[in-house]
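everything below, folded, please.
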Amino acid sequence: MKKRILSLLLALVLVMQFGIVAFAEESNRETSADYYSEQETKAGKEALSVIDIERVAKHYADVQEKNGYEVVSATKQTVYPHYSADCANFVSQCVYWGGLSMNGSSVNVGIHDSTTNWYCIYINTILWVRRYAVTTSWIRVSDFNAYFSSIGTKTTKTTISALVSSCAVGDPVQLADKTTGTAYHTIIISEKDSSTAYFCGHTNSRNNVNVYDYLNQNQDKFILFDIT
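You can find the predicted model right below:
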């Protein structure tokens, strides 16, 4: 009898959990749809809008700077996983919600090695753990590099001034060791004026900060991806 009661209670908890998650998921999507409604109407995710990239990048950075991932808020960030090394994941979110379509799909939970597909798809929640199908090109610096090299134009800049003169709002940028050439960090250009450019990034939140204040051309070179 006790076992039956425990089984019924567990079943009830699971039903409630999936119901709550489904409701929260839909609520997040509806709220986010309102936030991005202008972009959806204009572009339908078929074209990358630099205006929306700027808005999305600043919005994500601001939310993460204030709340981190510990606070559930009605923004698209809550639909995605968070990693200890989160820079490529952050930029992937930004360019996706700026209008770049995912490429490929999977119904299998886990991290899928790929430099030809690019996606992050919520699959389900089990015992309060959200589970995703995500490609390494979405979350890993090296595979992000390979994928975005295939869909855009990649150039390498050795000075910050060269980066500023060539970049546009919405362009992903990777920092690479100047000696080895190995990329180790991904950011996104969020604003530009006549004298400088600004970027947003994660894992350590950077919200529209000046490239001259944070980048180091003595130790790094800058890989610029033109996808606009």
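
only C-alpha atoms from now on, for both contacts and neighbour counts.
OK.

give me the below-cutoff pLDDT ranges for the protein.
Applying pLDDT under 70 to the chain flags the ranges 1-80, 228.

let's go with 90 and repeat that
Along the chain, segments meeting pLDDT under 90 span 1-86, 89-91, 93-101, 122, 124-131, 168-170, 190-192, 199-209, 227-228.

give me the sheet partners of the strand of greatest length in it and which way each runs.
If you go by DSSP state E, the chain has its longest strand at strand 183-192. Sheet pairing here is set by DSSP bridges, and for strand 183-192 it gives strand 172-177 (antiparallel), strand 197-201 (antiparallel).

need the contact partners of the longest one.
I take that to be strand 172-177. Contact with strand 172-177 is made by 91, 141, 145, 182-189, 219-226, as judged by C-alpha atoms under 8 Å, 6 or more residues apart in numbering.

could I get the buried residue list for the helix or strand containing Ser161?
Per DSSP states H and E, Ser161 falls inside helix 160-166. Buried residues in helix 160-166, counting neighbours by 16 or more other C-alpha atoms under 10 Å, are found at Ile160, Leu163, Val164.

tabulate these in TSV, adding columns for distance to Asn208.
Below are those laid out as TSV (distance: C-alpha to C-alpha, whole Å):
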residue	distance to Asn208
Ile160	16
Leu163	16
Val164	14
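
just these now: which is nearest Met102?
The shortest approach to Met102 among the buried residues of helix 160-166 belongs to Leu163, at 26.8 Å (C-alpha to C-alpha).

tell me the contacts of the closest one?
Applying C-alpha under 8 Å, 6+ apart, we find Leu163 in contact with Lys157, Phe222, Leu224.

those strands in the chain, which residues are they?
Going by DSSP E, the chain shows strands at 110-112, 120-126, 129-135, 153-157, 172-177, 183-192, 197-201, 206-210, 220-226.

give me whichever of those is most buried.
Using mean count of other C-alpha atoms under 10 Å, the stretch among the strands of the chain with the largest mean neighbour count is strand 197-201, at a mean of 26.

picking up where we left off before, of all the strands of the chain, which one comes closest to Cys87?
Closest to Cys87 of these, according to C-alpha to C-alpha: strand 183-192, at 5.4 Å.

and the angle for the closest one with strand 220-226?
Calculated by axes from the mean of the first three to the mean of the last three C-alpha atoms, to 10 degrees, strand 183-192 forms an angle of 60 degrees with strand 220-226.

what does strand 183-192 contact?
Residues contacting strand 183-192 (C-alpha under 8 Å, 6+ apart): 53-55, 57-58, 87-88, 91, 141-142, 164, 167-177, 197-202, 208.
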